[in-house]
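Student: Only the shape, not the letters, is given here:
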């Protein structure tokens, strides 16, 4: 057992620092909108070269409508804002304990996946088994385009595989409970 505790201050599992990401701003969505704005700007630059006022308005309306429809389709496809929900409650933080913590649980659902956020309310540190933890989680789970095999094996759907990895990493119980609603088990019940 000595070789497993080498170079550690405390004999607990390794705690990694936070992985900061742009949660409130979707980078792909912002890139799509910027690309469309560039196309609209280039349309406005080309517009004076079109002969006739009537033909210029017709070309502007057709291209503008096509850009609008393409933008709506792409943003809806890549966005995580289809359904958004937040709840503040006293939640059981770890399994097999009776301790509850005040926290805010947030969920963002899109066509390509879900984003689950758990933040201690108010932002404070919680002590579990003499270990101080800050409750501030933001986890992303991806839907695969194909569901593949049912269950949780190596050929299972991507969301099921990510759920098993999250369970092995020891994510808090509220996050795992929310993600389980989106996973299909072996009988395709959920």
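Tutor: Ah, there it is. Just so you know, these numbers come straight off a predicted model, no measurement behind them.
Student: beta partners of the residue at minimal distance from the centre of the chain?
Tutor: Geometric centre of the chain, nearest residue: residue 115, 2.7 Å, by C-alpha atoms, centre = their mean. Residue 115 has the following beta-bridge partners by DSSP bridges: residue 108, residue 140.
Student: thought residue 102 was touching residue 135?
Tutor: No. In this structure residue 102 lies outside contact range of residue 135 using C-beta atoms under 8 Å: 9.4 Å. Glycine gets a C-beta too; all of them are placed from N, C-alpha and C.
Student: Between these two, which contacts overlap?
Tutor: Taking C-beta atoms under 8 Å, 6 or more residues apart in numbering as the criterion, residue 102 and residue 135 both touch residue 120.
Student: Of the two, give the one with the bigger neighbour count.
Tutor: residue 135 (20 against 14; other C-beta atoms under 10 Å).
Student: For the more buried one, give me its contacts.
Tutor: Applying C-beta under 8 Å, 6+ apart, we find residue 135 in contact with 93, 101, 103, 118-120, 126, 172.
Student: So which bits of stretch 157-174 are buried?
Tutor: By 16 or more other C-beta atoms under 10 Å, the buried positions in stretch 157-174 come out as 157-163, 166, 171-172, 174.
Student: circling back: quick one: the contacts of residue 135 as TSV, columns for secondary structure too.
Tutor: Formatted as TSV, the contacts of residue 135 follow (DSSP: H, G, I helix; E, B strand; the rest coil):
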residue	secondary structure
93	coil
101	strand
103	strand
118	strand
119	strand
120	strand
126	strand
172	coil
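Student: Derive a ChimeraX selection command for the buried subset of those.
Tutor: Burial among the contacts of residue 135 is assessed by 16+ other C-beta under 10 Å; the matching ChimeraX selection reads:
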select :93,101,103,118,119,120,126,172
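Student: and the least confident of the contacts of residue 135?
Tutor: Minimum pLDDT for the contacts of residue 135 is recorded at residue 126 (66).
Student: Low-confidence ranges, this protein, go.
Tutor: For the chain, the stretches flagged by pLDDT under 70 are 1-25, 122-131, 145-155, 185-190.
Student: Could you tell me which residues within the lengthiest helix in it count as buried?
Tutor: In the chain, taking DSSP state H as the definition, the longest helix is helix 53-78. By neighbour count on 16+ other C-beta under 10 Å, the buried set for helix 53-78 is 71, 74-75, 78.
Student: Now distance to residue 48 too, for the residues you listed, in CSV please.
Tutor: Listed next are the buried residues of helix 53-78 as CSV, based on distance: C-beta to C-beta, whole Å:
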residue, distance to residue 48
71, 24
74, 28
75, 29
78, 33
